[in-house]
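1. heads up, no residue letters with this:
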C-alpha cells in the first residue's frame, strides 16, 4: 500500500525511480508496457545481447523512436529518455541506475548480474527464478551485505505466494501449505520439445507461427518450472518440500483446505509447513472443477477454538473440522505487475520475497535411460527435468542442479528417474556460476 503515492511524489519532484531492464523478452516487454504509463518510473536503459530485440520490445510497449535515442546512460538520465546497450555490466557499474531487473532467464547470466549489482550498489529484482533456485540464498546474502535489495519478482508466482504466506503469518495464522497450480500428469515428466504441443492441444505449426518456445513450454509441462518456483518459495519462506518432492495432487479451489492438510489430519501433505503444487487435471485426465492452474494459494490453520469459531461465523470455507482454511488468487499478471517489486525495492528498500536459507534444491533428473557421453540439454529439453528436493538430501545425493545441466557431458550412464550426480558429468569448475554455487553450498551447509 502507498507505493503509488510514493512513486507520484518522486515523479512530481522530478526524481523518478531510474530502472534498467536486462533481457527484453516477453516478461520484460510486459513490464515496459506498464512502466511507460506509471508515474515516477524512468526506464533509463534496456540491455540485451540483441539490441534490435530491445528496440522492438520498446516499440511494442509504446515507446516512440525519439524516446529511445539516447547515446549513453548519462544522456538518458538528463533527458528522461532510454538508452539501449549490449553491455549490462557497464550499465550496472555506472552511477545512473537505481534498480536493475534481470529478465534474462539464464542462470549463469543472472548470477553474474546479481553479483554485479551487489558490487555496484544497485537493487536487483530477479525475474530470473532459474538463477534464484540455483544460487539465490548466496546472491541475496551478498546483496544484503552490500546494503542493497535482492527481490523476487512480483507478478511471477513465487513472489505472490510469498505475499500470501507473509499475510497469514503476520495475521497470526500457522501456514500449513503454500504453492501454485499447474497442468500435471505423471507422464509429463518425460515430455520433450517434440511432444509438448500435443499435450497442450496446440498444432505445432500454430505454435511456430506464434513464436512459442517449445523448450520453455516444455519446462512448464515436465514439472521443471514448478520445481524451480517452489524451491524459490521454500528458500524465501522456510516452508519445506516433502522428501519425495512435489506430489501434484489434483485439487480445485474448494478442495484446498481438505486436500492440503497433513496426512494425519486426513489430507495429502507429508508435513505441515510444506510447499506443494496442485494439478488442474485428475490422474485420469479429467478436468478439476474450479481449478487453480494459473493461480497461487496459502492454506492456514485456526490457532485456537475461538479463531475456528470466527471462521464459521464469517462464512470462511474450511475443511470439515473447521480449522483449515485457504486464501487464493486465481491468476497472476506476469510482467504487468512487476512494477510492485521495483517500487518496493527502490522506494521502501524492501523485497517482495527473498531467500533467507537453503531449504530446497532442484535436481537434474533423467527423463529416460541416459548413456555415458551424452550431452545434457538442460531445462525444458529432451534428457532431464528438474525435481524438487530438500537441499540437505540433494547435497547428500551429490545431485547436479538443473541450472547447471546444460551443455555438460555425462561420464557415466544414468537410469531413468535418477538424479544426475556432479561426479557423473564433465563440468568447468572455474566458471563464475559454478564457483558461486559451490560457495553457496559451503556457506549454507554448515
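-> Noted; the coordinates are in hand. What you see is a predicted model; the values in this text were computed from it and never measured.

2. and the helix or strand in which residue 361 is found, how far out from the chain's middle?
-> Using DSSP states H and E, residue 361 falls within strand 360-366. Here strand 360-366 shows a centroid-to-chain-centroid distance of 15 Å under the convention CA atoms, centre = their mean, to the nearest Å.

3. for stretch 216-236, the distance to its chain's centre please.
-> With CA atoms, centre = their mean as the basis, stretch 216-236 stands 7 Å off its chain's centre.

4. pLDDT on that stretch, on average?
-> Stretch 216-236 comes out with an average pLDDT of 97.

5. so the most centrally placed residue in the chain versus residue 155, what's the distance?
-> Central residue of the chain (CA atoms, centre = their mean): residue 129, 3.6 Å from the mean position. Distance of residue 129 to residue 155, computed by CB to CB, to the nearest Å: 12 Å. Heads up, the C-betas are built off the backbone N, CA and C, glycines and all.

6. and what of residue 146?
-> Shown here: residue 146 relative to residue 155, a distance of 25 Å by CB to CB.

7. more crowded one of these two?
-> With neighbours defined as other CB atoms under 10 Å, residue 146 and residue 155 compare such that residue 155 has more, 22 against 16.

8. could I get the phi/psi values of that one?
-> phi 100, psi -30 (degrees, to the nearest 10).

9. the closest residue to it other than its chain neighbours - how many residues pack around it?
-> The spatial neighbour of residue 155 that comes closest, neighbours along the chain excluded (CB to CB, 6 or more residues apart in numbering), is residue 337 at 3.2 Å. Residues lying near residue 337 (other CB under 10 Å) number 19.

10. tell me how far residue 407 lies from residue 329.
-> Taken as CB to CB, the span from residue 407 to residue 329 is 37 Å.

11. give me the more crowded residue out of the two.
-> Taking other CB under 10 Å, residue 407 and residue 329 do not tie; residue 329 has more neighbours (17 against 11).

12. now for the more buried one: which residues touch it?
-> Shown in contact with residue 329 (CB atoms under 8 Å, 6 or more residues apart in numbering): 160, 164, 295-297.

13. distance to residue 227 and secondary structure for these - can I get that in CSV?
-> Shown next, in CSV, are the contacts of residue 329 (distance: CB to CB, whole Å; DSSP: H, G, I helix; E, B strand; the rest coil):
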residue, distance to residue 227, secondary structure
160, 17, helix
164, 19, helix
295, 18, coil
296, 16, strand
297, 17, strand
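
14. now tabulate these in TSV and tack on pLDDT, neighbour count and distance to residue 376.
-> Listed next are these as TSV, based on pLDDT from 0 to 100; neighbours: other CB atoms under 10 Å; distance: CB to CB, whole Å:
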residue	pLDDT	neighbour count	distance to residue 376
160	98	26	31
164	98	22	35
295	98	19	32
296	98	26	31
297	98	25	33
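
15. Serialize those residues to a markdown table and add fields for distance to residue 324.
-> Listed next are the contacts of residue 329 as a markdown table, based on distance: CB to CB, whole Å:
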| residue | distance to residue 324 |
| --- | --- |
| 160 | 21 |
| 164 | 15 |
| 295 | 18 |
| 296 | 17 |
| 297 | 12 |
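
16. what about the residue nearest to the centre of the chain, distance to residue 293?
-> 18 Å.

17. dump the residue contacts of residue 246.
-> Neighbour list for residue 246: 223, 226-227, 230, 275-277, 387-388 [criterion: CB under 8 Å, 6+ apart].

18. just those now: which is nearest residue 170?
-> Here the nearest of those to residue 170, counting by CB to CB, is residue 275; it sits at 18.9 Å.

19. so which strand or helix has that closest one?
-> In the assignment (DSSP H and E), residue 275 maps to strand 274-279.

20. next one: the helix or strand bottoming out on mean pLDDT in the chain to chain centre, how far?
-> The least trusted helix or strand in the chain, going by mean pLDDT, DSSP states H and E, turns out to be helix 204-209, with a mean of 89. Chain-centre distance of helix 204-209: 26 Å, with CA atoms, centre = their mean.

21. buried ones in that helix, by neighbour count?
-> Neighbour counts over helix 204-209 (16 or more other CB atoms under 10 Å) mark residue 207 as buried.

22. contact partners of that helix?
-> By CB under 8 Å, 6+ apart, helix 204-209 touches 197, 214, 217.

23. quick check: the second one touching residue 198?
-> No: the pair residue 214 and residue 198 fails to qualify as a contact (CB atoms under 8 Å) at a distance of 11.4 Å.

24. those two: which is more packed in?
-> The neighbour count for residue 214 versus residue 198, taken as other CB under 10 Å, is higher for residue 214 (18 against 11).

25. apart from its chain neighbours, what residue comes closest to the more buried one?
-> Leaving aside its sequence neighbours, residue 214 sits nearest to residue 193 (CB to CB, 6+ apart; 3.9 Å).

26. can you report how many residues lie near the one you found?
-> Residues near residue 193, counting by other CB under 10 Å, number 18.

27. returning to what we had before: got the buried residues for the strand holding residue 361?
-> Of the residues in strand 360-366, 360-366 count as buried by neighbour count, 16+ other CB under 10 Å.

28. please tabulate the residues you listed in JSON lines, including the columns distance to residue 171 and pLDDT.
-> Below are these laid out as JSON lines (distance: CB to CB, whole Å; pLDDT from 0 to 100):
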{"residue": "360", "distance to residue 171": "25", "pLDDT": "98"}
{"residue": "361", "distance to residue 171": "30", "pLDDT": "98"}
{"residue": "362", "distance to residue 171": "31", "pLDDT": "98"}
{"residue": "363", "distance to residue 171": "35", "pLDDT": "98"}
{"residue": "364", "distance to residue 171": "39", "pLDDT": "98"}
{"residue": "365", "distance to residue 171": "37", "pLDDT": "98"}
{"residue": "366", "distance to residue 171": "43", "pLDDT": "98"}
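
29. make CSV out of these and add distance to residue 242.
-> Converted to CSV, the buried residues of strand 360-366 look like this (distance: CB to CB, whole Å):
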residue, distance to residue 242
360, 10
361, 14
362, 14
363, 14
364, 19
365, 16
366, 21
